[in-house]
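> Fold the stuff below for me.
(one chain, ligands or ions: 1)
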Amino acid sequence: MFRYIKILNKSLSGSTSVRYLSSFEKFQRWYRDLWDPKVPGPPFKHVCQVGDPTLRLKSSEVALEELNSERIKNILLVLRGVMKHYKSIGISAPQIGIPLRIIMIEIPDYMVKQFGPEACKTREIVEIPFKVGRLEKLNFTNNLAKICLQVFINPEMQVKDFKKTLFPEGCESLKGISALVPRYKAVHVKGYDYDGSPTEWAATGWAARIVQHEMDHLDGQMYTDIMESKSLQVDLWKTINAHKGNILVKYNK
Ligand SMILES: [Zn+2]
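Sure thing, here's the model as predicted:
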């Protein structure tokens with residue numbers, strides 16, 4: 001395509017040709033953008049999908065002098081916003097296109113209720129403890145639920161219980177599918193909080209599962225790398241049959 005255009009430029013001259021070339025170039029740009037649309041850079045306000053190279057990178061640590069900086073604060077705000085928008089219980093910075101070691105986890109009370117008592121019992125799903133007034137400084141104004149957020153910058157994880165549980169797991173970066181994934185029962189994680197202060201957390205049950213899932217993202221791993229492969233399913237498979245395949249999947253929530 002590029003060679004063809006150069007030849008065309010050489011063979012044309014005069015004002016008529018200049019106008020022609022100008023409209024041709026516009027057409028060329030329009031055509032190119034169809035296949036390679038210009039998008040605003042990260043942090044994205046949507047979740048990147050598998051295939052995005054950022055999801056397979058080993059993310060870098062946040063430099064200590066950058067803790068509590070405006071840039072990191074902005075990344076945390078976008079992460080929090082995306083997590084709320086997608087009604088997700090865990091997210092990592094690579095999922096919004098930022099290859100930095102930052103994870104965020106939240107299980108608010110209303111989501112615990114959505115899981116239902118049976119799932120909560122077998123999967124050990126409990127509300128993440130409320131930390132009083134810790135996020136107002138970051139202007140997190142969404143008060144739909146109590147703030148139960150756990151933020152870890154440069155997290156380090158230690159397994160505390162090597163017994164594994166096998167439960168269905170999904171990921172916003174693998175939209176619409178889920179699979180059974182084995183995870184350790186208990187972990188301890190430590191790192192830096194949203195304001196750069198040291199923080200740590202002993203997570204068990206479902207919370208431990210989320211920590212392991214998000215930690216994997218920081219090393220470019222997806223749950224599909226360790227899943228029970230035959231359990232992989234499209235979550236809406238029954239609905240797809242019922243609607244004769246006429247289902248649209250949106251990637252912005
Ligand atoms: Zn994920």
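
> any idea where the strands of the stretch 51-200 of the chain begin and end?
Using DSSP state E, counting those that start in this stretch, the strands of the stretch 51-200 of the chain run over 90-92, 102-105, 150-170, 177-192, 198-204.

> Select, out of those, the one closest to Gly51.
strand 177-192 (13.6 Å; C-beta to C-beta). For glycine as for every other residue, the C-beta is placed from the backbone atoms N, C-alpha and C.

> which neighbours does that closest one have in its sheet, and in what orientation?
Strand 177-192 has the following sheet partners, assigned by DSSP bridges: strand 150-170 (antiparallel), strand 198-204 (antiparallel), strand 233-234 (antiparallel).

> Dump those into CSV; add mean neighbour count, distance to Ile177 and mean pLDDT as well.
Below are the strands paired with strand 177-192 laid out as CSV (neighbours: other C-beta atoms under 10 Å; distance: least, C-beta to C-beta, whole Å; pLDDT from 0 to 100):
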stretch, mean neighbour count, distance to Ile177, mean pLDDT
strand 150-170, 17, 7, 96
strand 198-204, 16, 25, 91
strand 233-234, 13, 6, 97
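
> distance between stretch 111-124 and the chain's centre?
What separates the centre of stretch 111-124 from the centre of its chain is 23 Å, taken as C-alpha atoms, centre = their mean, to the nearest Å.

> In PDB, could you pull the C-alpha coordinates for it?
Coordinates of each C-alpha in stretch 111-124 appear next as PDB, following Å, rounded to 0.1, in the frame of the first residue of the first chain:
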ATOM      1  CA  MET A 111     -22.100  -8.500  46.700                       C
ATOM      2  CA  VAL A 112     -21.800 -11.100  49.400                       C
ATOM      3  CA  LYS A 113     -25.600 -11.200  49.500                       C
ATOM      4  CA  GLN A 114     -25.700 -11.700  45.700                       C
ATOM      5  CA  PHE A 115     -23.600 -14.800  46.000                       C
ATOM      6  CA  GLY A 116     -26.200 -16.300  48.300                       C
ATOM      7  CA  PRO A 117     -25.800 -18.200  51.600                       C
ATOM      8  CA  GLU A 118     -25.000 -21.600  50.000                       C
ATOM      9  CA  ALA A 119     -22.100 -20.300  47.800                       C
ATOM     10  CA  CYS A 120     -20.800 -18.100  50.700                       C
ATOM     11  CA  LYS A 121     -20.600 -21.200  52.900                       C
ATOM     12  CA  THR A 122     -18.900 -23.500  50.500                       C
ATOM     13  CA  ARG A 123     -16.600 -21.000  48.900                       C
ATOM     14  CA  GLU A 124     -15.900 -19.100  52.200                       C
END
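
> List the buried residues in that stretch.
For stretch 111-124, burial by neighbour count (16 or more other C-beta atoms under 10 Å) applies to Met111, Val112, Cys120, Glu124.

> next one: stretch 75-84
Ile75, Leu76, Leu77, Val78, Leu79, Arg80, Val82, Met83, Lys84.

> sorry, back to before: got the strands of the stretch 51-200 of the chain as a markdown table, with distance to Tyr251 columns?
As requested, the strands of the stretch 51-200 of the chain are exported to a markdown table (distance: least, C-beta to C-beta, whole Å):
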| stretch | distance to Tyr251 |
| --- | --- |
| strand 90-92 | 15 |
| strand 102-105 | 20 |
| strand 150-170 | 14 |
| strand 177-192 | 13 |
| strand 198-204 | 29 |
